[in-house]
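Q: Here's a sequence, model it:
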Amino acid sequence: MMAAIPETMNALVLTGPGAFEIKQVATPTPGPREALVRVGAIAICGSDPAIVEGVKFKGLWPPGYPFTPGHEWAGTVVALGDGAARFHPGDRVAAEAHKGCGYCRNCMTGRYQLCENYGNAATGHRHYGFTSQGGYAEYVVASEHAIHNVGDMPFDEATNVDTAATALHAVQRGRVAVGEEVCVFGPGAVGLLCLQLALASGVARCFVVGRRHRLKMAVELGAVAVDYEQLGDPVAEIRRLTGGRGVDVAIDCAGKPATVQQSLAAVCNGGRVVCAGFAGDVELSLTDIVMREIDVLGVRADPNTAEEVIRLINKGSIRIGPMISHRFPLSDFGAALETFSKNLDNAIKVVVEP
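A: A predicted model of the protein is given here:
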C-alpha cells in the first residue's frame, strides 16, 4: 500500500545566484500525462555547480528564482496525472532530463533534446532541472515520456541512467565499431561510462587520458592508462602505443580546450572526434580537419538511449557501483556540492538521498 502523499515536502531551493536553502514547499501535482515520483536518490551532474552558481548560464539555467535544480534522479511513482498510461504507482523509474514539444521537426525525427521550442513550457517542452523544476526534493513531477522503468536496480545506480545514456549517445555519434581503437579524454562519470560502452561495443583497446584516482578507476574498468600528469604529452604516448597511427575515435569528456585539441591530434586520418563536454571557444585547425578528413561531432544529452543502457546496467555490461564514491542526505547538499565541485576525497559520482 502506498504511503499518503504529504501536502508539503523538503526541497533544495535556489534563491539567487550562488544562494540556496532546504525549504518546505508545496508537493507538486502531476498534470496530464505526468507522474509524481518519490525521489529515492539523485546524483550531482557536472552541470549542477554552474546552475547553482547562476553566472555561466545566467537567465537560461535557471530561467529565474526560486528554482529547484537536479535531473539525475530515480525513485518510485506514487501518483499519475490524467491520461498517463505508461506507468503505475509503485513502479521504480529513472529520469532523463529532456522532454521535447513532440511536434517540431527535431522532435518528430527523434532528436527531442534539440527541440525547436526549447524553454517554451507552453509548447510542452521541458528540460528538468535546467529550465523546469528538478529533482533535488522529496518529490518531483515529470512527463511519462521522460521516465523509464528500471526494475530492481538500486536507486543510487539508477541515478546514472541519464549519464550512461549520454555516454551511449557519444559512442553512437562516434560510430564506434568492433576492432577499432578509441581514446577517452577525462575519466569522470561520462568518460568512465564511455570507456565501458566502447569496450562493450567490441573495441580492440580503449585508452583513457587522465590522472590519479579517476585514472586508476578507468584501469580497473578495462582501460589502457595514459597519465598526462606523468607523461606531459598524452598525444605522443597515444601515437607511440598505436604504432604512430593514432586512434579511430577520440571522445573528449574533459571539456577543456586543450583536450579537444589533443583529441584532434590523437585520431588517425579519417578518424572521428566526439565532443561530449562544454569546452567553450576552442581554436582548431580547419586545414588539419579537411586534409585528414576528420569528423568533429557534438553530443548533447541522450535521445532514445535510456532504455538500452538500463538493459546493459541490469545485465552487468556497465558497472555503476564502483563509480559511486559518496552519499549525502539532502540536508547536507552544501557538503555534497563542495565534495563534487572540489573533487574532495577522491570523488567521482556523488549521490544525494532526500
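
Q: Tell me where the model's unsure across this protein.
A: Applying pLDDT under 70 to the chain flags residues 1.

Q: Helices of that one, residue ranges please.
A: For the chain, helices defined by DSSP state H occupy the ranges 48-53, 105-108, 155-158, 161-173, 189-200, 212-220, 228-231, 234-241, 257-266, 286-291, 306-315, 333-341.

Q: mind listing what Ala198 touches?
A: Contact analysis of Ala198 by Cβ atoms under 8 Å, 6 or more residues apart in numbering lists Val171, Val176, Val182, Val184, Cys206, Val249, Ile251. From N, CA and C alone the C-beta is placed, and that goes for glycine too.

Q: Okay, it and Gly191: tell me how far apart.
A: For Ala198, the distance to Gly191 equals 10 Å [Cβ to Cβ, to the nearest Å].

Q: for Glu157, same thing?
A: Taken as Cβ to Cβ, the spacing of Glu157 relative to Gly191 amounts to 18 Å.

Q: These two: which is more packed in?
A: Summary of the neighbour comparison: Glu157 and Gly191, criterion other Cβ atoms under 10 Å, with Gly191 having more neighbours (27 against 24).

Q: Touching, that one and Ala250? I think so.
A: No: the pair Gly191 and Ala250 does not pass the contact test of Cβ atoms under 8 Å, sitting 11.6 Å apart.

Q: pretty sure Val226 contacts Arg239?
A: No: with contact defined as Cβ under 8 Å, Val226 and Arg239 do not form a contacting pair (10.8 Å).

Q: list the contacts for the closest residue to Leu193 other than its chain neighbours?
A: Beyond its immediate neighbours in the sequence, the residue positioned closest to Leu193 (Cβ to Cβ, 6 or more residues apart in numbering) is Ala167, lying 3.6 Å away. For Ala167, the contacting residues are Val190, Leu193, Cys194, Gln196, Leu197, Ala276, Val309, taking Cβ under 8 Å, 6+ apart as the criterion.

Q: redo that, cut-off 6 Å
A: Val190, Leu193, Cys194, Leu197 (Cβ atoms under 6 Å, 6 or more residues apart in numbering).

Q: and what of Gly222?
A: Leu199.

Q: go again using 7 Å as the cut-off
A: Under the criterion of Cβ atoms under 7 Å, 6 or more residues apart in numbering, the neighbours of Gly222 are Leu195, Leu199, Cys206.

Q: So which of those is the closest to Gly316?
A: Of all the contacts of Gly222, the one sitting nearest Gly316 is Leu199; the distance, using Cβ to Cβ, is 12.7 Å.

Q: count of neighbours near that closest one?
A: Neighbourhood size, Leu199 [other Cβ under 10 Å]: 19.

Q: What separation is there between it and Val171?
A: If you measure Leu199 against Val171 using Cβ to Cβ, the figure is 10 Å.

Q: Then Val226?
A: As judged by Cβ to Cβ, Val226 and Val171 stand 19 Å apart.

Q: swap in Trp73?
A: Relative to Val171, Trp73 is positioned 24 Å away (criterion: Cβ to Cβ).

Q: Name the nearest residue to Gly202, sequence neighbours excluded.
A: With Cβ to Cβ, 6+ apart as the measure, Val178 is the residue that lies nearest to Gly202, at 3.7 Å, once sequence neighbours are left out.

Q: what about that neighbour, neighbour count?
A: Neighbourhood size, Val178 [other Cβ under 10 Å]: 8.

Q: How about Tyr103?
A: Other residues lying near Tyr103 total 12 when counted by other Cβ under 10 Å.

Q: cool, and the one 5 residues further on?
A: Applying other Cβ under 10 Å, we find 12 residues neighbouring Met108.

Q: Can you tell me, leaving aside adjacent residues, what's nearest to it?
A: Nearest non-adjacent residue to Met108, counting by Cβ to Cβ, 6+ apart: Gly102, 8.0 Å away.

Q: Would you mind measuring from Val78 to Asp162?
A: Counting by Cβ to Cβ, the gap from Val78 to Asp162 is 21 Å.
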